[in-house]
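# Build the 3D model from these lines:
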Amino acid sequence: MANETFLRGNCIAPFYDASRFPSDEVTRGRLCAPIGGLPGTPTCCLPCPATDWSYSDSFKTYDRIASWLNVAGLVLMVFMLVSYVVLPAQKTRSHYLSVCLVVSCMMLSIGFIIPLAAKPDQCFNEITPHDMYSSGECAWSGAFLLAGGLSATLWIFIRALSMNLQICWDIVPGRRFFYLSQAIGWGIPAALFAASMSITGVSFRFGTACHINHETSMQDFWGPLLGFAGAAGVLQLFTFAYCVKVYLQSLWTDQSSTAGSDDTGLPSYTSSVRAQTASAVFRRLKKVLWLQWRGITIVSIILVDVVFFAIVFVYLDDLQASVLTDWHKVEPWLECLAFHPNDKDECLSLVNNFVVTESTVVAVLLLLSLAGFQCFIFLTRPEIFPAWGEYIYGKIWPQRQEFVSLDA
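Numbers count the residues shown, from 1 in each chain. Okay, here's the model as predicted:
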């Protein structure tokens, strides 16, 4: 009890005096603010983990649900990769764009599963959360999250570019595009990953998984991620606009060819040729869309997830950075906690000025956890399941090779 009083210093429970902790310890992730109403204007810090005080108790339940959803999604994605390896390609319709996207989403899921399995202690001391240097679980969890997020965004961009080339320009990507996409899809994320981990780092910011820190994160992580996501979104919108244009043009030419005729009352040759050309383009477009609708859908869904995830985290960083320059934003909440140290629920209505709402954070976690299910639904062909039945049946009851006479 005496040690507890010493750590509190000039601060009131449940807060701790920052001056009571050695200055050479890691300080990232602390939530501290100077309190002018106390003697000496001490810098008081919220106990670790901060989410226990800024969010309700149900947040832990949602975080655990999201982790188990990642486990189920990882199982489905492993099943997809095994199917690509074991089953014939004509059954699975496997493609390197699908395989690389699935591998990226697997890394994202592993980043959430590691804390679920390891159950690491989030706090280095009473006010400081662990970071990548003080916790191995934090380092691995954050590494997989950053690598998965960056690589998934790049492969979404490459897939959107591939579909744009096929649909809008009638260009089928070949071997050169394959090698270029491998260099871009893995090389750029590797470079950004190295910069993010070495310069910015990760720590326990909220939830059981480690996330990237605020300092310089916009330069080496969020900025490039939003840039490639925005480029993929522009390509996707351009592709949609082209499809709408071809459809409307086909309708217009059909109507004009029906009504168009020359002075002799016969159909116009020019309008007939134009109608045939538009119809041919529309038929080609329908054929490509029928083959690519799964890819278009998964690009749109993952793109929305990534952009929503990035915007929420950038907004959270801006809110927490504003607190450091204007601590009066949190003063009503701090005073409320000082008066209700054992009942944080009385003060939850005052946290919306400097943290992202609990419902928004829960929505981000759940959306990221559903990435595995989304890949499985839209990238798995129905022919895979009968193919697995044939494969297992063939292994259990192998067919005998009958001898056929050469004369016969």
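
# Go ahead and flag the most central residue of this structure.
Residue closest to the average C-alpha location in the chain (C-alpha atoms, centre = their mean): Val306, at 4.2 Å.

# Return the distance of that one relative to Gly230.
From Val306 across to Gly230, the span is 10 Å (C-beta to C-beta, to the nearest Å). Quick note: C-beta positions are derived from backbone N, CA and C, even for glycine.

# what is in contact with these two at once?
Counting by C-beta atoms under 8 Å, 6 or more residues apart in numbering, Val306 and Gly230 have no common neighbour.

# Quick one: the strands in the stretch 251-400 of the chain, in order.
Counting by DSSP state E, counting those that start in this stretch, the stretch 251-400 of the chain has no strands to list.

# Poorly predicted segments of it, please.
For the stretch 251-400 of the chain, residues meeting the criterion pLDDT under 70 lie at 254-278, 323-327, 352-353, 399-400.

# could you redo the last one with a cut-off of 80?
251-292, 319-331, 334-335, 338, 341, 352-355, 398-400 (pLDDT under 80).

# which residues in it form helices?
269-325, 331-339, 358-369, 371-379, 384-396 (DSSP state H, counting those that start in this stretch).

# Buried residues of the second one, list them for me.
Okay, so that is helix 331-339. The neighbour-count check on helix 331-339 (16 or more other C-beta atoms under 10 Å) flags 333-334, 336-338 as buried.

# quick check, nearest of the residues you listed to Lys119?
Leu337 (27.2 Å; C-beta to C-beta).

# so the closest one makes contact with Leu31?
No. Between Leu337 and Leu31 there is no contact under C-beta atoms under 8 Å: 11.5 Å.

# List the residues that contact Asp317.
With contact set as C-beta under 8 Å, 6+ apart, Asp317 has these partners: 214, 217-218.

# Keep only those of these that are in helices.
With DSSP state H as the criterion, helices contain Ser217 from among the contacts of Asp317.

# Relative to Ser322, which of the contacts of Asp317 is nearest.
His214 (11.3 Å).

# Next, that closest one: phi, psi?
Main-chain torsions, His214, degrees, to the nearest 10: phi -80, psi -40.

# If you drop the residues flanking it in sequence, what lies closest to it?
Leaving out its chain neighbours, the residue that sits closest to His214 by C-beta to C-beta, 6 or more residues apart in numbering is Asp317, at 4.5 Å.

# how near is that neighbour to Ser217?
For Asp317, the distance to Ser217 equals 7 Å [C-beta to C-beta].

# do the same with Phe309
13 Å.

# ok, now Pro173?
According to C-beta to C-beta, Pro173 stands 33 Å off from Ser217.

# Those two - which one has more neighbours?
Legend: neighbour count by other C-beta atoms under 10 Å for Pro173 and Ser217, higher for Ser217 (21 against 16).

# so what's the nearest residue to the more buried one once chain neighbours are set aside scoring on pLDDT?
In space, and not counting its chain neighbours, Ser217 is closest to Thr200: 5.0 Å by C-beta to C-beta, 6+ apart. pLDDT, Thr200: 92.

# wait, isn't Thr200 in contact with His211?
No. Applying C-beta under 8 Å, one finds Thr200 not in contact with His211, separated by 10.6 Å.

# hey, where'd the helices end up in the stretch 101-250 of the chain?
Using DSSP H, counting those that start in this stretch, helices in the stretch 101-250 of the chain cover 136-168, 175-195, 217, 223-259.
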